[in-house]
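Q: Can you look at this prediction? I've put the sequence above it.
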Amino acid sequence: MGGDPAQLAPSADEGTRLAVLTIDDFTPCMGQAFRLAHEGRALELVLERADSTAVPATQGARAGFSLEFRGPHAPVLPQRICRLEHPALGVLEIFLVPLGREEGGVRYEAVFG
């Protein structure tokens, strides 16, 4: 995932594509890095968990799921929408919530309903 972090531009259909992604799209990416730009530098968040939630799929909607990422010890990103880039999934804008610092870094969660 080389390149300039400032060039992480969303595609025109990014919001639509994110709305149809399911846990099955993220499961093959477990253990892989997602890159994001923060204050002019590239950071990597590793996808560590992808879990189903109690929100069942309804007609025309996906089942709920959550993702957990681990990032570096610093900086701790605030709760916000982050633009993540992955080689297979492309550029995605995902709302991340910091869960806290741990020995291995900072954990972040994204929940999809």
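A: Thanks, I have the structure now. Residues are numbered from 1 along each chain as shown.

Q: wait, is Arg17 part of a strand?
A: No - per DSSP: H, G, I helix; E, B strand; the rest coil, Arg17 lies outside any strand segment and is helix.

Q: Look at it and report its pLDDT.
A: We have a pLDDT of 70 for Arg17.

Q: Tell me where the model's unsure across the protein.
A: 1-16, 55-60 (pLDDT under 70).

Q: Is Asp24 part of a helix or strand, or is it coil?
A: The assignment at Asp24 comes out as helix when based on three-state DSSP.

Q: how close does it get to Leu99?
A: For Asp24, the distance to Leu99 (C-beta to C-beta, to the nearest Å) stands at 24 Å. C-beta: built from backbone N, CA, C; applies to glycine.

Q: again, but for Gly113
A: Look at Gly113 and Leu99: by C-beta to C-beta, they are 18 Å apart.

Q: How about Leu67?
A: 12 Å.

Q: For the two, list the residues in contact with both.
A: Jointly contacting Leu67 and Leu99 under the rule C-beta atoms under 8 Å, 6 or more residues apart in numbering are Glu109.

Q: quick one: Val97 is in a helix?
A: No - under the criterion used here (three-state DSSP), Val97 is strand, not part of a helix.

Q: Now do the buried residues in stretch 104-113.
A: 105-110, 112 (16 or more other C-beta atoms under 10 Å).

Q: quick check, nearest of those to Ala37?
A: Tyr108 (15.4 Å; C-beta to C-beta).

Q: Was I right to think that closest one contacts Gly100?
A: No - in this structure, Tyr108 is not within contact of Gly100 by C-beta atoms under 8 Å, at 9.6 Å.

Q: residue boundaries of the strands in this protein?
A: With DSSP state E as the criterion, the chain has strands at 33-38, 41-52, 65-71, 80-86, 90-102, 105-112.

Q: can you pull the contacts of Thr29?
A: Not Thr; residue 29 is Cys. Contacts for Cys29 (C-beta under 8 Å, 6+ apart) come out as 47, 50, 86, 88-89.

Q: again with Glu44
A: 33-36, 71-72.

Q: 6 Å instead?
A: Going by C-beta atoms under 6 Å, 6 or more residues apart in numbering, Glu44 touches 33, 35.
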